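Asker: Please find the sequence and the predicted model below.
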Amino acid sequence: MTSSKSRRRPDLFIIGAAKCGTTSLYNYLSGHPDIYMSPDKEPGYFAPDLASDATREALRYGRDLERYLGLFADAGQARRLGEASVRYLRSEQAPQLIHDFQAEPFVVVMIRNPVDMVYSLHGQRFAEGGEDLADFAEALSAEADRRKGRRIPRGAKNPRLTTYLDRARFGQQLPRWFDAFGRERLHVIVLEDFVRDQRAEFRRLLEFLDVDPDYLPVDFQRHNPSHAPRSATVRAILNAQAPRGPIRRLIPQDVRDGLRRQIIRRIRMLNRKPVKRPPLSPELRRRLEVEFMDDVLLTSELLGRDLAGQWFGARPAAPAQQVEAAST
């Protein structure tokens with residue numbers, strides 16, 4: 001049996017943020033001949049502070065190193081081995097844990113207008129059963145209680161993942177990654193830029209990864225758009241947390257770990273139907289822009305560009321509906 005010390009380790013990490021296009025980027029990179037992406041898009045191994053599953057289905061840091069490395073067993077001679085876990089960006093532990101594991105990784109970050117990001121995230125969490133408040137404004141009003149462990153949605157897998165505003169404070173999150181790896185190891189993509197010129201932004205990413213920059217996906221189709229469940233019953237079965245829950249009886253534990261998680265993910269995708277959410281009210285949008293302004297200014301300073309003007313100015317860089325279609 002190959003030991004963990006002798007196995008190849010991933011060196012490409014798409015660390016988030018949620019609803020910023022990481023699913024699409026994961027799929028685009030998966031087709032590159034020089035890159036092998038984990039069949040499980042969201043292993044989340046290096047974010048034990050945000051672990052979301054008390055059963056053995058989820059990967060636990062330390063305990064499941066062999067399972068984690070097993071996700072890359074079929075990488076062959078690929079130049080880059082990668083994974084995409086959107087919780088890493090927010091995690092306080094992930095930067096150091098990844099540094100201890102892989103000192104010189106290629107770290108990719110995707111960000112977007114934080115107002116659009118949190119609104120989109122609420123829609124996804126409600127569709128997947130992790131949020132029980134259909135009204136976004138009401139969910140925001142519950143944040144103070146949720147930080148104290150109250151009003152936690154029944155379907156939530158971790159109380160720390162039930163809030164929204166803290167997920168989009170990129171100016172607070174990015175510095176710990178810069179501190180851990182230096183700016184030269186991070187490549188930050190602004191989703192609105194990517195939507196405006198996909199080919200140029202994708203080429204810049206491939207150049208950063210030091211792989212063939214001429215590769216293009218078959219098409220830049222969107223992945224994981226806004227959705228609702230076709231069947232609430234199927235969603236409940238997929239979300240069942242009991243170690244002997246129905247999904248674990250349907251798919252035996254001895255099925256190879258990566259394949260098992262792919263099957264579950266495929267069932268989730270088949271149970272989705274596209275929906276179009278109404279736009280945020282102008283009043284709530286303005287309130288959230290004020291809420292995020294200080295952090296956006298900090299992010300602008302970190303990246304050396306005017307994101308406040310781009311995101312909150314009179315003319316957005318790309319139509320909001322196009323950005324939403326490209327987001328994850």
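Answerer: In hand now; what should we look at?

Asker: Do a quick rundown of the strands in the stretch 101-250 of the chain.
Answerer: Shown for the stretch 101-250 of the chain, the strands assigned by DSSP state E, counting those that start in this stretch span residues 106-111, 186-190, 227-229.

Asker: Packed most tightly, which of the ones you listed would that be?
Answerer: Per-stretch averages of neighbours, counted by mean count of other CB atoms under 10 Å, single out strand 106-111 among the strands of the stretch 101-250 of the chain, with a mean of 24. All C-beta atoms are positioned from the backbone trio N, CA, C, and that covers glycine.

Asker: ok, that one: who's next to it in the sheet?
Answerer: Strands adjacent to strand 106-111 in the sheet, as given by DSSP bridges, are strand 12-14 (parallel), strand 186-190 (parallel).

Asker: Name the surrounding residues that touch that strand.
Answerer: Residues outside strand 106-111 that contact it (CB atoms under 8 Å, 6 or more residues apart in numbering): 11-17, 20-22, 25, 80, 82, 89, 98, 117, 170, 174, 177, 181, 185-191, 194, 205, 208-209, 299.

Asker: Return that strand as CSV; C-alpha atoms alone will do.
Answerer: Output of strand 106-111 as CSV, limited to C-alpha atoms (Å, rounded to 0.1, in the frame of the first residue of the first chain):
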residue,chain,number,x,y,z
PHE,A,106,-1.1,27.8,-6.4
VAL,A,107,-4.0,29.4,-4.6
VAL,A,108,-6.9,30.8,-6.6
VAL,A,109,-9.5,33.1,-5.2
MET,A,110,-12.7,34.3,-6.8
ILE,A,111,-14.7,37.3,-5.4
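
Asker: pLDDT of that strand, averaged?
Answerer: Per-region confidence: strand 106-111 scores 98 on mean pLDDT.

Asker: now stretch 182-194
Answerer: Mean pLDDT, stretch 182-194: 97.

Asker: same check, this time on stretch 38-54
Answerer: According to the model, stretch 38-54 has a mean pLDDT of 88.

Asker: Please apply the same query to stretch 144-154.
Answerer: If you average the pLDDT over stretch 144-154, you get 94.

Asker: now do the same end-to-end measure for it.
Answerer: The straight-line separation of the ends of stretch 144-154 (CA to CA, to the nearest Å) is 17 Å.

Asker: who touches that stretch?
Answerer: Around stretch 144-154, the neighbours that count as contacts under CB under 8 Å, 6+ apart are 130-133, 142, 159, 162-163.

Asker: Buried among the residues you listed? Make that a PyMOL selection.
Answerer: For selection in PyMOL, the members of the contacts of stretch 144-154 meeting the burial criterion (16 or more other CB atoms under 10 Å) are listed in this command:
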select buried, resi 130+131+132+133+142+162+163
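
Asker: Which two among the contacts of stretch 144-154 are spaced furthest apart?
Answerer: Using CB to CB, the contacts of stretch 144-154 span at most 14.8 Å, a distance reached by 133 and 159.

Asker: if we can go back for a sec, take the strands paired with strand 106-111 and lay them out in CSV including distance to residue 38.
Answerer: Below are the strands paired with strand 106-111 laid out as CSV (distance: least, CB to CB, whole Å):
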stretch, distance to residue 38
strand 12-14, 10
strand 186-190, 19
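
Asker: and residue 311, which of those is closest to it?
Answerer: Per CB to CB, nearest to residue 311 of the strands paired with strand 106-111: strand 186-190, 9.0 Å.

Asker: if we can go back for a sec, may I see the strands of the stretch 101-250 of the chain organised as a markdown table, with distance to residue 281 added?
Answerer: Listed next are these as a markdown table, based on distance: least, CB to CB, whole Å:
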| stretch | distance to residue 281 |
| --- | --- |
| strand 106-111 | 24 |
| strand 186-190 | 25 |
| strand 227-229 | 21 |
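
Asker: ranges for the helices of the stretch 151-300 of the chain?
Answerer: Using DSSP state H, counting those that start in this stretch, the helices of the stretch 151-300 of the chain run over residues 170-181, 191-196, 198-209, 232-239, 246-250, 257-270, 282-303.

Asker: weakest of these in terms of mean pLDDT?
Answerer: The lowest average pLDDT among those, as it happens, falls on helix 246-250, at a mean of 55.

Asker: tell me the pLDDT at residue 226?
Answerer: With respect to pLDDT, residue 226 scores 58.

Asker: With residue 128 instead?
Answerer: In this model, residue 128 carries a pLDDT of 87.

Asker: That one and residue 9: what is the separation?
Answerer: Going from residue 128 to residue 9 by CB to CB, to the nearest Å gives 31 Å.

Asker: Mind checking which of the two has more residues around it?
Answerer: Ranked by neighbour count (other CB atoms under 10 Å), residue 128 and residue 9 place residue 128 first, with 18 against 13.

Asker: so who does residue 52 touch?
Answerer: Residue 52 makes contact with 44, 58, 157-158, 161 under the criterion CB under 8 Å, 6+ apart.
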